[in-house]
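**Q** Let's see this in three dimensions:
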Amino acid sequence: MKPTRWAGVFFLLVTATGWALNWPAMKILLRQWPPLFSRGVAGVAAALLLAAIALGSGERLRVPRHLLPRILLAASTNVFAWMGFSTLSMKWLSVSEGALLVYTMPIWAMLLAWPVLSRRPSAEGFVSLALGLAGVVVLLGAQGFAFDSGKLAGILFALLAAVLFALGTVITRTPIPVAPITLVAWQVGLGCVPMVIAGLLIEHPDFTALNTAGWAVLIYMTVVPMGVCYLAWFATLRHLPPEVASIGMLLVPIMGIVAAALALGEPLGWRETAAMALTLSGVALALRRKRPVKQAAD
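**A** Numbering: from 1, shown residues only. Alright, predicted model coming up:
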């Protein structure tokens, strides 16, 4: 393997590990702060951090006015829906359930490209859908699909995160011509400010509820997944083809589920293993036909 490939693999592992550990971290933080407010605060702080990094890298923070509608759309789907709804789902779902449901996103993107772009899925695409659905059925069928209202809400929010991010990916096919770190800073900031506002109005957080562990998790969510990992992701894309990097990101739910089992004692048996194998095999098949660079994926 060429040195540049080894560098790409290293940065990919850094990105995947940081984003994977964010899943059990969210579960820990949700014990003390409500989901929208906690994710929003971490996101706004991360946006300021990314803006400082962008300035230090010589990027201009100002973006052309005519690009703002596209950035707002990306912020709505890639950040508010993807990050906000996936965090909300963690109130009721385990990490294995939430992560696998959310990471079906490439399958929904493949399906949405049919009516939106007139791009009919191939036979391989329908196989990927069948594998993904089979994995979800295996994972969620433990109680014979007898879900209470909370569980149903968690499933709905996780699927909304996946479907809306997929829709945004399909609609915004052309890259936004803004420097990469600046673009992420704007998206994260615009997507997370509404989370903070909604959290204050609806969730009424207790500002004094965070203990030392809670503050540590909040700082981690701010610095690592939204700071270090985004920089490592851009470095990955400089060394590896986008489709290889995207398939490599399937490490995120696997590592997140294992981390949750070790750190939180969540179940990791044959059912979770089979669900991971089926769902992520389907996602890998769907990704083989896609070459977008996702702006937000933790």
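**Q** can you count the residues close to the spatially closest residue to residue 23 that is not a sequence neighbour?
**A** The shortest distance from residue 23 to any non-neighbouring residue, by Cβ to Cβ, 6 or more residues apart in numbering, is to residue 256 (3.6 Å). From N, CA and C alone the C-beta is placed, and that goes for glycine too. Number of residues near residue 256 (other Cβ atoms under 10 Å) recorded here: 27.
**Q** can you tell me which helix in this structure is longest?
**A** helix 3-29 (DSSP state H).
**Q** by contact count, what packs against that one?
**A** Secondary-structure packing of helix 3-29 (3 or more Cβ pairs under 8 Å, 6 or more residues apart in numbering; DSSP states H and E): helix 35-56, helix 95-102, helix 212-223, helix 229-239, helix 242-248, helix 251-264.
**Q** change it to 6 Å
**A** The helices and strands touching helix 3-29, judged by 3 or more Cβ pairs under 6 Å, 6 or more residues apart in numbering; DSSP states H and E, are helix 95-102, helix 212-223, helix 229-239, helix 251-264.
**Q** Need the winner for burial among these.
**A** Of these, the one with the most neighbours on average (mean count of other Cβ atoms under 10 Å) is helix 95-102, at a mean of 27.
**Q** Can you name the residues in contact with whichever helix or strand comes after that helix?
**A** With elements assigned by DSSP states H and E, the helix or strand that comes after helix 95-102 is helix 105-117. For helix 105-117, the external contacting residues (Cβ atoms under 6 Å, 6 or more residues apart in numbering) are 119-121, 125, 128-129, 132, 162-163, 165-167, 169-170, 282-283, 286-287.
**Q** continuing past helix 105-117, what's the next helix or strand?
**A** As assigned by DSSP H and E, the chain's next helix or strand after helix 105-117 is helix 123-140.
**Q** chain center to that next one, what's the gap?
**A** In terms of Cα atoms, centre = their mean, to the nearest Å, the centre of helix 123-140 is set 20 Å apart from its chain centre.
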